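*Asks:* could you work out the structure for the sequence below:
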Amino acid sequence: MKLHKIYSPITATPFACNDNYMEFIPGDALKPYIRCFWGTRGPVKQEKTNIETNGIVTPDTCMDIMFHVDFTDNRIDNSFCGINDRTFSTTNSNDREKTIFSFAIRFYAWSVPMFSEESMRDTRNAHFDAGYHFSKMKKEIESLLFDVSNVYELIPKVEKILMKHYNSRHENTLVLQAVEKILGSRGMLSVGELINNLHISDRQLERLFREYVGVTPKSLAAMVRYQCLWNDIVFSKQFDILDAVNKYGYSDQSHLYHDFKKYHSMNIAAAKRYAMQNVEKIQEI
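*Replies:* Numbering: from 1, shown residues only. As a prediction, this is how the structure comes out:
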C-alpha cells in the first residue's frame, strides 16, 4: 500500500514547530500507515497561566491516538480521535506549573483498521478512550511513557509495538482500491464512477467505508479535494483562484470559497495568515 506517495494531508498550521508541538516522520515500514508522530520533544515545564490559548483542528483525513503524561500529578491521559469532517477548536490553560509530555500517532484514516481491535463505525467526529479500539497497544505504549527522556528514544520502541500489532487480515482490498482512486483523482471521482470501476453496489461500498474508514466514500472524496486545495493554497508561490476552480472541478469561485470555509471555518486569506504565523516565528528565532 503506497497511498502516502500520492497524498500528503496537512493541518491548519503545517509549519508549527515549538516546545508544545512538533511532527516526526515514521520509519519506512510505517510510512504507508502513519502520517506522522507528533507532540513534545520530551518532558517540558509549562508555566502557570490563566490565559486560554486557542487553536483549530481542520479535517485532515487522519485519526489520532494521543497520550498526555503529567509528571507532576503522576498520571497519563489518553484518547483516540476518529476522522473529522468539520473543524473544531482546542483550548489550553494551566492553573499551576507542571511538567508534561505529549505524544501522539497520526494514522491515515484507511490504515487504522490494520492496528485496531474494533471497526471504525461511528468514529466520525468522536473521541474515545484509546483502550476501546487499541487495548493491548495502549498498555504497551503507556508502560514506556514515564521513563521518557526524549521522543527520539521513544519512537523506535513505539514503532516496534505498532509493527507487532499490525494485522494484514484487517485490510479490505475493495476499500483500499476505492481510496486509491479517490486520492488519484484529488477527490473528484464521483461515487457513480467509483462503483462502476470497482463493480460493487453503492450500498455495499458505503457500508464498507463506514466500517473501515468511518465516513462514506462521498464524504472522504470531499475532504480529499479540500486537502489538495489547502496544500495548493499553502505551498503554491502564486495561488490562482481561477486555476483552482478548474483544477478541482468547482462550478465557480463562490462554490470554491463556500466549500473551503465549510471545512476550514475561515476564508482562504485568513487561513493562509493563520498557517503562516509559524513561519514568521521561525524566521524571527
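*Asks:* the domain parsing of the protein - what is it?
*Replies:* When the chain is parsed with automatic domain parsing, its domains come out as 3-167, 173-284.
*Asks:* in a markdown table: those, plus mean pLDDT and mean neighbour count.
*Replies:* Using the backbone N, CA and C atoms, a C-beta is placed for each residue, glycine as well. Below are those laid out as a markdown table (pLDDT from 0 to 100; neighbours: other Cβ atoms under 10 Å):
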| stretch | mean pLDDT | mean neighbour count |
| --- | --- | --- |
| domain 3-167 | 93 | 17 |
| domain 173-284 | 93 | 16 |
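*Asks:* which strand or helix spans Asp60?
*Replies:* Following DSSP states H and E, one finds Asp60 outside all helices and strands.
*Asks:* excluding sequence neighbours, find me the nearest residue to it.
*Replies:* Pro9 (4.3 Å; Cβ to Cβ, 6 or more residues apart in numbering).
*Asks:* does that neighbour touch Gln227 like I think?
*Replies:* Yes. Using Cβ atoms under 8 Å, Pro9 is in contact with Gln227, at 4.7 Å.
*Asks:* I'd like to know how far Arg207 sits from Ser201.
*Replies:* 9 Å (Cβ to Cβ, to the nearest Å).
*Asks:* and Leu145, what does it touch?
*Replies:* By Cβ atoms under 8 Å, 6 or more residues apart in numbering, the residues touching Leu145 are Phe67, Val69, Ile76, Phe101, Phe103, Leu154.
*Asks:* give me phi/psi at it?
*Replies:* phi -70, psi -30 (degrees, to the nearest 10).
*Asks:* that one and Cys62: what is the separation?
*Replies:* Going from Leu145 to Cys62 by Cβ to Cβ gives 22 Å.
*Asks:* could you do Asp28 as well?
*Replies:* Using Cβ to Cβ, Asp28 is found at 19 Å from Cys62.
*Asks:* and what of Lys48?
*Replies:* 32 Å.
*Asks:* so where do the strands sit in the chain?
*Replies:* 22-24, 34-39, 44-46, 49-57, 62-70, 75-81, 88-94, 98-108, 127-128 (DSSP state E).
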